[in-house]
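J.: have a look at this prediction, sequence included:
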Amino acid sequence: MGRDYYEILGVPRGASEKEIKRAYRRLARQYHPDLNPGNREAEERFKEINKAYEVLSDPEKRRLYDLYGENWEQMAAFRKAQEEAGGWTGPFNWRSGDILGDLGDFLRGSIFDDIFDVFFGGRRGFSRGQNVEQEVELTLEEAYSGTVRTIQVSGEEACPVCRGRARALGAICSACRGLGIISHPKRLEVRIPPGVRDGSRVRIAGEGRPGPMGGPKGDLYLVVHIRPHLRFRREGDDLYTQVDVPVEEAVLGGEVQVTTLSGRQILLKVPPLTQNGTTFRLEGLGMPRLEGGGYGDLYVTVRLRIPERLTDEERELYRRLRELRRSATRR
């Protein structure tokens with residue numbers, strides 16, 4: 001399924017012609033091939049931007065796109081063929097035939113409504129609406145524990161007057177101005193499960209765009225982006241961090257405190273003569289697994305901490321240690 005033209009230009013569905021033109025000019029400059037020589041990705045993006053602007057800058061093409069989504073060209077061609085053949089030019093009901101289109105609109109809402117659905121299939125069989133994407137940004141902590149996000153959605157529904165057909169009794173529907181869609185913006189609370197990754201898509205069924213001519217709605221997908229963390233790096237379900245270890249602890253062995261992403265305090269045993277850069281694996285202290293249960297692991301890398309200040313006694317001890325090490329190497 002192709003990307004939504006409004007999304008490509010970064011404008012809302014109700015954007016004015018000026019807003020669409022302004023967005024197009026800005027993006028066209030940014031991705032123009034002359035300014036991005038040899039960049040295939042920028043070239044493809046430029047083509048995408050031009051195609052979106054070609055449709056949204058033309059009032060009739062935009063109306064058809066708003067009504068039929070990515071199938072607008074096929075539907076436009078079909079309607080043109082109907083006109084050239086001298087036939088009925090309203091929306092076509094694929095089950096009942098074109099001659100019943102306006103009859104269906106007339107019968108809808110009357111006592112014949114159920115009978116019409118039984119004989120001609122009603123809205124069953126119409127194609128499904130487009131899926132819609134929204135982006136949501138999480139902290140790594142939120143991805144670890146799961147969270148709830150409140151999002152704003154357009155709440156697009158098939159027009160109740162024309163049933164998404166854009167026409168009623170042979171004329172353009174005045175309730176939706178020929179779009180077939182009515183918007184009722186609303187807020188939704190969406191639960192994001194623990195363990196989501198950067199790029200994960202959370203599906204909210206039935207909150208996408210209405211289908212053409214009253215078909216079922218598509219779905220809404222929340223695309224997750226996770227902010228970089230100051231102390232932890234994530235790879236799959238595993239986490240990586242560093243811990244400062246005093247030189248004397250690394251040489252003689254000891255314990256250092258490690259704080260996990262969940263805030264839990266763990267004592268890490270450091271064996272004698274531990275080298276800088278040594279990595280320890282703490283099983284089950286990584287990210288929750290989105291599927292299959294359990295947790296990844298936490299990998300802790302030692303970073304030797306050199307003292308910034310020494311007492312006279314400590315300095316003398318280090319001098320003596322240096323002499324001992326030199327004597328040992330001369331033997």
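T.: Alright, I've got the coordinates. Numbering: from 1, shown residues only.

J.: how about the helices in the stretch 1-150 of the chain?
T.: 5-9, 17-31, 40-56, 59-68, 72-84, 101-107, 113-120, 140-145 (DSSP state H, counting those that start in this stretch).

J.: check which helices and strands the fourth one sits against.
T.: If contacts are counted by 3 or more Cβ pairs under 8 Å, 6 or more residues apart in numbering; DSSP states H and E, helix 59-68 sits against helix 40-56, helix 72-84. Placement of C-beta: from N, CA and C, glycine included.

J.: tell me the angle that helix makes with helix 40-56.
T.: Helix 59-68 and helix 40-56 are oriented at 100 degrees to each other (axes from the mean of the first three to the mean of the last three Cα atoms, to 10 degrees).

J.: what lies in contact with helix 59-68?
T.: 5, 13, 54-56, 72, 74-76, 166, 178-181, 212 (Cβ atoms under 8 Å, 6 or more residues apart in numbering).

J.: the domain parsing of the protein - what is it?
T.: Taking the TED database as the reference, the chain has its domains at 5-85, 132-226, 232-305.

J.: quick check: end-to-end length of the longest one?
T.: End-to-end distance of domain 132-226 (Cα to Cα, to the nearest Å): 20 Å.

J.: quick one: average pLDDT of that domain?
T.: Taken as a whole, domain 132-226 has a mean pLDDT of 85.

J.: which SS class is the residue nearest the centre of the chain?
T.: Geometric centre of the chain, nearest residue: Val223, 1.6 Å, by Cα atoms, centre = their mean. What DSSP: H, G, I helix; E, B strand; the rest coil gives for Val223 is strand.

J.: same deal with Pro228?
T.: coil.

J.: tally up the residues packed near it, please.
T.: By other Cβ atoms under 10 Å, the residues close to Pro228 number 10.

J.: before we move on, what about Leu9?
T.: So Leu9, with other Cβ under 10 Å, has 23 neighbours.

J.: about what we covered before: nearest to Ser327, of the domains of the chain?
T.: Ser327 sits nearest to domain 232-305 of all these, at 17.5 Å, using Cβ to Cβ.

J.: end to end, how far does that closest one reach?
T.: Terminal-residue distance, domain 232-305 (Cα to Cα): 19 Å.

J.: could you give the mean pLDDT of it?
T.: The model assigns domain 232-305 a mean pLDDT of 94.

J.: same check on stretch 317-325?
T.: 88.

J.: can you get me a residue count around the closest residue to Arg264 other than its chain neighbours?
T.: Residue nearest to Arg264 in three dimensions, not counting chain neighbours: Leu285, with 7.8 Å by Cβ to Cβ, 6 or more residues apart in numbering. When neighbours are defined as other Cβ under 10 Å, Leu285 has 20 of them.

J.: go on, the one 4 residues further on?
T.: Using other Cβ under 10 Å, Arg289 has 14 other residues around it.

J.: list phi and psi for the closest residue in space to Gly14 that isn't next to it in sequence.
T.: The spatial neighbour of Gly14 that comes closest, neighbours along the chain excluded (Cβ to Cβ, 6+ apart), is Ser183 at 8.0 Å. Main-chain torsions, Ser183, degrees, to the nearest 10: phi -100, psi 130.

J.: who's in contact with Ser183?
T.: By Cβ under 8 Å, 6+ apart, the residues touching Ser183 are Arg13, Gly14, Ser154, Gly155, Glu156, Glu157.

J.: can you check which helix is longest in the protein?
T.: Of all segments of type helix in the chain, defined using DSSP state H, the longest is helix 312-330.

J.: okay, that one in PDB with CA atoms only?
T.: Output in PDB follows, covering the C-alpha atoms of helix 312-330 (Å, rounded to 0.1, in the frame of the first residue of the first chain):
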ATOM      1  CA  ASP A 312      50.400  11.800  50.800                       C
ATOM      2  CA  GLU A 313      50.100   8.200  52.200                       C
ATOM      3  CA  GLU A 314      48.300   6.900  49.100                       C
ATOM      4  CA  ARG A 315      50.900   8.600  46.800                       C
ATOM      5  CA  GLU A 316      53.700   6.900  48.800                       C
ATOM      6  CA  LEU A 317      52.000   3.500  48.500                       C
ATOM      7  CA  TYR A 318      51.700   3.900  44.800                       C
ATOM      8  CA  ARG A 319      55.400   4.800  44.600                       C
ATOM      9  CA  ARG A 320      56.300   1.700  46.600                       C
ATOM     10  CA  LEU A 321      54.000  -0.400  44.300                       C
ATOM     11  CA  ARG A 322      55.700   1.100  41.200                       C
ATOM     12  CA  GLU A 323      59.200   0.200  42.600                       C
ATOM     13  CA  LEU A 324      58.000  -3.400  43.400                       C
ATOM     14  CA  ARG A 325      56.600  -3.800  39.900                       C
ATOM     15  CA  ARG A 326      59.900  -2.500  38.400                       C
ATOM     16  CA  SER A 327      61.900  -4.800  40.600                       C
ATOM     17  CA  ALA A 328      59.800  -7.800  39.500                       C
ATOM     18  CA  THR A 329      60.300  -7.100  35.800                       C
ATOM     19  CA  ARG A 330      64.100  -6.800  36.200                       C
END
